[in-house]
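Student: just to be clear, the model below is a prediction. Sequence and coordinates:
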Amino acid sequence: MTQDTAGFMPPYRLLMGAGPSNVHPRVLQAMASSLVGHLDPNFLAVMDDVRSLLRYVFRTENPVTLPISGTGTAGMEAAMVNIIEPGDTFVVAINGYFGQRLGEIAERSGANVIAVEHEMGKAVDAERVREALAGAGKVKAVGVVHAETSTGAATSIKEIADVAHEAGALLVVDAVTSLGGVELHVDEWGVDVCYSCTQKCIGAPPGLAPLTLSPRAVETLQSRTTKVRSFYLDLTELSSYWDRRAYHHTAPISMIYALREALRLIAEEGVEARWERHIRNGESLRAGLHAMGLNVVADPEVQLPSLTAVHAPEEIDEAQARRYLLDRHNIELSGGLGALAGKAWRIGLMGHNSTGPNVLTVLGALEEAIGEQGYETQAGAGVAAAQRVLRGID
Ligand SMILES: *Cc1c(COP(=O)(O)O)cnc(C)c1O
């Protein structure tokens with residue numbers, strides 16, 4: 001066997017897809033800090049910081065606010081296995097791939113799932129959810145994706161929370177592509193269960209799924225008549241580790257260091273200022289795409305700041321263009337998901353990566369990648385249009 005004395009050195013990529021996104025150097029540095037035990041007095045202070053910073057970012061006072069070990073999908077599973085008991089009815093609003101996944105996980109958790117299907121690229125309509133609830137009998141919870149990463153559409157949560165509560169149901173919100181980048185108010189909007197992940201707008205590597213439960217959701221948990229099917233994701237057990245430091249499973253120490261540092265960066269910037277930054281850069285990107293003659297998937301009124309799905313022109317092989325960006329420019333974009341597979345790109349401007357310079361870099365490189373396949377645009381038109389937005393001219 002040959003000895004690799006240089007070690008593993010991955011290329012530096014600019015991660016402009018649907019996540020992971022690049023992280024601030026302070027976050028990488030935090031991860032390289034010395035390990036301590038998960039019950040070390042020193043680590044307990046780190047855990048307390050993480051919880052209070054998460055409450056700040058979620059805009060909540062919920063005592064049960066903690067990061068689940070695992071990625072966003074673990075957050076989805078945790079929400080479902082804890083809230084659902086076999087035979088419960090769960091109404092899920094679906095307007096893209098991740099709504100579909102939430103329904104799938106609810107079904108595996110034993111729920112009778114009622115899906116309220118919407119067109120791709122549209123927001124979820126609270127009225128349609130109300131109609132579904134009217135004919136559904138007793139409903140345990142309603143699920144909705146705040147920021148549908150497959151299409152770039154954002155849904156207004158407040159109205160759906162009201163509709164769910166009128167029907168005596170809890171509201172579960174997937175905030176995976178919104179938390180830390182897109183306006184979200186867990187308490188003010190009346191969200192009962194909200195989960196996210198670390199690698200999108202929070203600006204840390206993948207590995208944790210922040211989650212928060214309203215007092216109403218905690219009551220639901222406490223009045224379960226059956227055990228939660230997952231030991232690892234049982235929120236009552238997890239809370240006792242985070243509250244009373246009772247061993248449940250070994251916390252991923254280095255990831256929690258990373259999350260703490262990423263959340264400190266959010267607090268230093270101010271979460272509202274961060275929402276504004278994401279809006280401005282998203283607008284700049286879309287001005288550039290339009291100037292290049294490209295069409296965005298989501299309705300403009302519901303467009304997410306953190307992710308833009310854009311149709312690839314018919315004559316373009318979208319995967320070949322992404323490969324060109326990766327090989328020549330070290331830039332990663334995501335392809336389409338579900339119905340948009342092979343037909344669209346998804347461009348993320350998330351957390352640390354949501355910057356004006358990154359917008360200009362991506363637009364310039366994309367112009368070259370599609371030009372390479374014969375789709376010629378007016379030279380520099382995308383970059384120029386984006387610059388005008390960044391400079392406040394348009
Ligand atoms: C990325 C994503 C998930 C899944 O997260 P993983 O970290 O990939 O497990 C869930 N919901 C939405 C809306 C997402 O964008």
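Tutor: All right, it came through fine.
Student: CA atoms for contacts and neighbours, from now on please.
Tutor: OK.
Student: in this protein, which spans are strands?
Tutor: Assigned by DSSP state E, the chain shows strands spanning 14-15, 65-69, 89-94, 112-117, 141-145, 147-148, 153-154, 170-174, 193-195, 208-213, 307-311, 331-332, 334-335, 344-348.
Student: out of the ones you listed, which is closest to Ser239?
Tutor: Ranking these by proximity to Ser239 (Cα to Cα) places strand 65-69 first, at 7.9 Å.
Student: what's the angle from that closest one to strand 208-213?
Tutor: 140 degrees (axes from the mean of the first three to the mean of the last three Cα atoms, to 10 degrees).
Student: wondering if stretch 141-148 reaches the ligand at all.
Tutor: Yes: with Cα under 6 Å from any ligand atom as the criterion, the ligand is reached by stretch 141-148 at 147-148.
Student: quick one: least confident helix or strand in this structure?
Tutor: Using mean pLDDT, DSSP states H and E, the weakest-scoring helix or strand in the chain turns out to be helix 235-244, at a mean of 93.
Student: which of the residues in it are buried?
Tutor: Residues of helix 235-244 classed as buried by neighbour count (16 or more other Cα atoms under 10 Å): 235, 237-239, 241-242.
Student: and what of stretch 357-371?
Tutor: 358-360, 362-370.
Student: among these, which lie within helices?
Tutor: If you go by DSSP state H, these have 358-360, 362-370 in helices.
Student: near the ligand, which residues of this structure show up?
Tutor: Neighbours of the ligand within the chain, by Cα under 6 Å from any ligand atom: 71-73, 98, 147-149, 174, 176-177, 197.
Student: and the helices in the chain?
Tutor: 25-31, 41-58, 72-83, 97-108, 126-134, 158-166, 186-189, 215-222, 235-244, 253-269, 271-291, 318-329, 356-371, 381-390.
Student: what's the most buried one of those helices?
Tutor: helix 72-83 (a mean of 24; mean count of other Cα atoms under 10 Å).
Student: angle of it against strand 65-69?
Tutor: Between helix 72-83 and strand 65-69, the angle comes out at 120 degrees (the same axes, to 10 degrees).
Student: any residues touching helix 72-83, and which ones?
Tutor: 68, 102, 105-106, 109, 140-141, 172, 174, 176, 193-198, 208-211, 217, 220-221, 228-230, 233-235 (Cα atoms under 8 Å, 6 or more residues apart in numbering).
Student: just stretch 363-380 next, same as before
Tutor: 285, 288-289, 292-293, 315-316, 321-322, 324-325, 329, 382-383.
Student: flag the shaky bits of the protein, pLDDT-wise.
Tutor: By pLDDT under 70, the low-scoring segments of the chain are 1-5.
Student: for the ligand, see how far away the closest residue in space to Leu289 that isn't next to it in sequence is.
Tutor: Nearest in space to Leu289, with sequence neighbours left out and distances taken as Cα to Cα, 6 or more residues apart in numbering, is Gly382 at 5.9 Å. Gly382 sits 26 Å away from the ligand when distances are taken as Cα to the nearest ligand atom, to the nearest Å.
Student: Gly382 touches Gly288, doesn't it?
Tutor: Yes: with contacts defined as Cα atoms under 8 Å, Gly382 counts as touching Gly288 at a distance of 3.8 Å.
Student: now the strands of the chain in CSV, with mean neighbour count and distance to Ser354?
Tutor: Output for the strands of the chain, formatted as CSV (neighbours: other Cα atoms under 10 Å; distance: least, Cα to Cα, whole Å):
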stretch, mean neighbour count, distance to Ser354
strand 14-15, 20, 11
strand 65-69, 25, 23
strand 89-94, 26, 27
strand 112-117, 18, 31
strand 141-145, 28, 21
strand 147-148, 30, 16
strand 153-154, 28, 17
strand 170-174, 26, 21
strand 193-195, 27, 21
strand 208-213, 26, 21
strand 307-311, 26, 10
strand 331-332, 23, 14
strand 334-335, 22, 16
strand 344-348, 28, 8
